[in-house]
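Chemist: coordinates only, sequence not included:
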């Protein structure tokens, strides 16, 4: 094992450049001052003292021996176990300027980061004018990054509100995780702001990083109380019967009256807080089922009442609710649907227009 002391000049094995050792924490971790003025903790296995041959290192410290580094576009992340100020374990999308000295002028290298102890299968769909288009799929080892593409800033709009689907796996005894479906949520204008590209420790580079899913959140999805299913059934009964809010007086009024803007148009807010005041014990999947149940009943009632138009406010969020709405609408006859007017609703609503063949 290599031994380092303060003042040693070292070369980085997994990136260009090097620095000077400023502090020795233990046999595994030392602090290195780099040219940009940062003092950063490094694993000793990622360093080579100047004047030492790479062949003098044990296999685990050689470039070819680093897990994932022998495959094109894949690199090992600079992940330090138990480092308190490191990002939470999870999956991230990073936009890395190819010229670190000209952050706002260079192209962007898009990298998928698997900062977790799990292997990951992924699929990426880009959002092109409101329609999803498959872009890439594959697998990643634990604690690795994968280059997806290099794009100009004028191309970044296709990635905004794109979709990443993730499946986690691990050999041997493991903690099961729920699959994730995450929206790549960011405003394209942010790639034109220098403060969007701070130094990122996992990459040792300046990068704009977007969180897609954390390991802790995916583990919690599977944690259900024994009474949760009963609570869900009760909630669905309440929303079906209208017991969440006072029911309209008996007569000609129906469930759509509280949503009507005029005689022909209705506006329905599907945010879960509008459907129930009690979220205790509900997982994301449970909340989605409640929202979709209410959506379907609104569609059915709007058709019966011969409404001309209905606007569903679903928000942006992680995109799951919108994706489910669009999947259902594509299978529904007698309608057309579009993104609702941006000036009024932003990117968080879908407009459904009913038409009938006479």
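Modeler: Okay, I see it. Just so it is clear, the structure is predicted and the values come from calculations on it, not from any experiment. Residues are numbered from 1 along each chain as shown.

Chemist: Please identify which helix or strand holds the spatially most central residue of the chain.
Modeler: Of all residues in the chain, the one closest to the mean position by CA atoms, centre = their mean is residue 212, 1.9 Å from it. Counting by DSSP states H and E, the element that carries residue 212 is strand 208-214.

Chemist: That strand: what's the following helix or strand?
Modeler: For strand 208-214, the following helix or strand on the C-terminal side (DSSP H and E) is helix 215-221.

Chemist: neighbouring contacts of that next one?
Modeler: With CB atoms under 8 Å, 6 or more residues apart in numbering as the contact definition, helix 215-221 has outside contacts at 88-90, 116, 118, 168, 175, 177-180, 283-285. For glycine as for every other residue, the C-beta is placed from the backbone atoms N, C-alpha and C.

Chemist: Among the residues you listed, which ones are in helices?
Modeler: Per DSSP state H, helices hold the following members of the contacts of helix 215-221: 284, 285.

Chemist: that older thread, any idea how far the strand holding residue 212 is from the chain center?
Modeler: Mean-position distance between strand 208-214 and its chain equals 5 Å (CA atoms, centre = their mean, to the nearest Å).

Chemist: Which other helices and strands does that strand contact?
Modeler: Counting by 3 or more CB pairs under 8 Å, 6 or more residues apart in numbering; DSSP states H and E, the packing neighbours recorded for strand 208-214 are strand 90-97, strand 162-169, strand 180-184.

Chemist: Show me what the mean pLDDT comes to for that strand.
Modeler: The average pLDDT within strand 208-214 is 93.

Chemist: how about it: buried residues?
Modeler: For strand 208-214, a neighbour-count test (16 or more other CB atoms under 10 Å) marks 208, 209, 210, 212, 213, 214 as buried.

Chemist: Run a quick neighbour tally on residue 292.
Modeler: If you count neighbours by other CB atoms under 10 Å, residue 292 ends up with 16.

Chemist: so is it in a helix, a strand, or just coil?
Modeler: Secondary structure for residue 292, judged by DSSP: H, G, I helix; E, B strand; the rest coil, is helix.

Chemist: what about the nearest residue to it once chain neighbours are set aside, how many neighbours?
Modeler: The shortest distance from residue 292 to any residue that is not its chain neighbour, by CB to CB, 6 or more residues apart in numbering, is 5.7 Å, and that residue is residue 324. For residue 324, the neighbour count with other CB under 10 Å is 17.

Chemist: Does residue 324 touch residue 288 like I think?
Modeler: Yes: using CB atoms under 8 Å, residue 324 is in contact with residue 288, at 6.6 Å.

Chemist: List only those of the contacts of helix 215-221 flagged as buried.
Modeler: The neighbour-count criterion (16+ other CB under 10 Å) marks 89, 90, 116, 118, 168, 177, 178, 180, 283, 284 among those as buried.

Chemist: low-scoring stretches of the stretch 151-300 of the chain, by residue?
Modeler: Counting by pLDDT under 70, the stretch 151-300 of the chain has low-confidence residues at 221-254.

Chemist: rewinding a little: export the contacts of helix 215-221 to CSV and append columns for distance to residue 203.
Modeler: Supplementary listing: the contacts of helix 215-221 in CSV, determined by distance: CB to CB, whole Å:
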residue, distance to residue 203
88, 16
89, 16
90, 15
116, 15
118, 19
168, 22
175, 27
177, 24
178, 27
179, 26
180, 22
283, 33
284, 29
285, 33
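
Chemist: picking up where we left off before, contacting residues around the strand holding residue 212?
Modeler: 87-95, 113, 164, 166, 180, 182, 184-186, 190-191, 196-197, 200.

Chemist: Let's see the PyMOL selection covering just the buried ones among these.
Modeler: The PyMOL command for the buried members of the contacts of strand 208-214 (criterion: 16+ other CB under 10 Å) is given here:
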select buried, resi 87+89+90+91+92+93+94+95+113+164+166+180+182+184+185+186+191+196+197+200
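
Chemist: Just send the helices and strands packed on strand 208-214 back as TSV, with distance to residue 135 too.
Modeler: As requested, the helices and strands packed on strand 208-214 are exported to TSV (distance: least, CB to CB, whole Å):
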stretch	distance to residue 135
strand 90-97	12
strand 162-169	7
strand 180-184	11
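
Chemist: Identify whichever of the ones you listed lies nearest to residue 258.
Modeler: The closest approach between residue 258 and any of these, judged by CB to CB, belongs to strand 180-184 at 29.5 Å.

Chemist: packing partners for the helix or strand that the closest one is followed by?
Modeler: In the C-terminal direction, the helix or strand that comes right after strand 180-184 (DSSP H and E) is strand 199-200. On a contact count with 3+ CB pairs under 8 Å, 6+ apart, strand 199-200 meets strand 205-206.

Chemist: May I see the buried residues of strand 208-214 organised as CSV, with distance to residue 296 added?
Modeler: Rendered in CSV, the data for the buried residues of strand 208-214 read as follows (distance: CB to CB, whole Å):
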residue, distance to residue 296
208, 38
209, 37
210, 32
212, 29
213, 28
214, 31
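
Chemist: ok, those vs residue 138, which is closest?
Modeler: Checking these against residue 138 with CB to CB, the nearest one is residue 212 at 15.1 Å.

Chemist: so what pLDDT did the closest residue to residue 92 other than its chain neighbours get?
Modeler: Leaving out its chain neighbours, the residue that sits closest to residue 92 by CB to CB, 6+ apart is residue 113, at 4.2 Å. Looking at residue 113, its pLDDT is 96.

Chemist: bridging residues for residue 113?
Modeler: With beta bridges defined as DSSP bridges, residue 113 has these partners: residue 92, residue 145.
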